[in-house]
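Asker: Okay, sequence plus prediction incoming.
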Amino acid sequence: MMGIEAGLDTLLRSNGVDYSMVRRTTGGQERWAERSPPVAPACIAKTVLLADDRGEAIAVIPSDRTIDLRALADEFGRTFRVVAADHAGDGTSGSRSAVQASGTPFETYVDQFLVALPEVHVRMPNGDQLARIDGESFRSLFYGAWCGHISRPRCPA
């Protein structure tokens, strides 16, 4: 059986995507919450699993934002609810990589903010590395996906 990391590598390579690996940095602590990526969270893609009466879908948004269900309804006419979100590698079973999600049969919605970036980072399943993908290659991975402004800034805690 192919490992998750090998599966992501295979998906990227089979789509002709050149990428480089960026190791996440730690501030001397081993806990995830104290790690900080070497890139801005706005440049890291995360996925959110959605569902409505028509089935499940995947939304791909910047990791520093939250899904905007009203925007999805207004723009695409779907009344989704959140089923699971990528929790930045915190060990929850519902997390998945944005690029892994692109290989699923789910209808996919990509946030316009990510589409406009010159490069996008995707967390590798082990959580210790990011795959740096140039913007054109990222867009080609999601060719045919719905695209729009489907996220909003997180409310400060």
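Answerer: The structure has been received and is ready for your questions. Residues are numbered from 1 along each chain as shown.

Asker: separation between the most centrally placed residue in the chain and Q112?
Answerer: Among the residues of the chain, the one closest to the centroid is K46, at 2.4 Å (C-alpha atoms, centre = their mean). From K46 across to Q112, the span is 15 Å (C-beta to C-beta, to the nearest Å). For every residue, glycine as well, the C-beta is placed using N, CA and C.

Asker: Apart from its neighbours in sequence, what residue is nearest S137?
Answerer: V17 (4.5 Å; C-beta to C-beta, 6 or more residues apart in numbering).

Asker: Shouldn't the one you found be within a helix?
Answerer: No: judged by DSSP: H, G, I helix; E, B strand; the rest coil, V17 forms no part of a helix; its state is coil.

Asker: Tell me how many other residues crowd it.
Answerer: V17 is flanked by 17 other residues according to other C-beta atoms under 10 Å.

Asker: That one contacts G135, correct?
Answerer: No: with contacts counted by C-beta atoms under 8 Å, V17 stays clear of G135, the gap being 11.5 Å.

Asker: buried residues in whatever helix or strand K46 lives in?
Answerer: Per DSSP states H and E, K46 falls inside strand 44-52. Buried residues in strand 44-52, counted by 16 or more other C-beta atoms under 10 Å: I44, A45, K46, T47, V48, L49, L50.

Asker: And those, which is closest to H121?
Answerer: Proximity to H121 was ranked across the buried residues of strand 44-52 by C-beta to C-beta; first place goes to I44, at 4.6 Å.

Asker: Can you give me every residue that contacts the closest one?
Answerer: For I44, the contact set (C-beta atoms under 8 Å, 6 or more residues apart in numbering) comprises P37, P62, S63, D64, V120, H121, V122, R123, L130.

Asker: Quick one: name whatever helix or strand follows the host helix or strand of the last one.
Answerer: With the criterion set as DSSP H and E, the secondary-structure element containing L130 is strand 129-134. Later in the chain than strand 129-134, the nearest helix or strand by DSSP H and E is helix 135-141.

Asker: of the buried residues of strand 44-52, closest to V83?
Answerer: L49 (4.3 Å).
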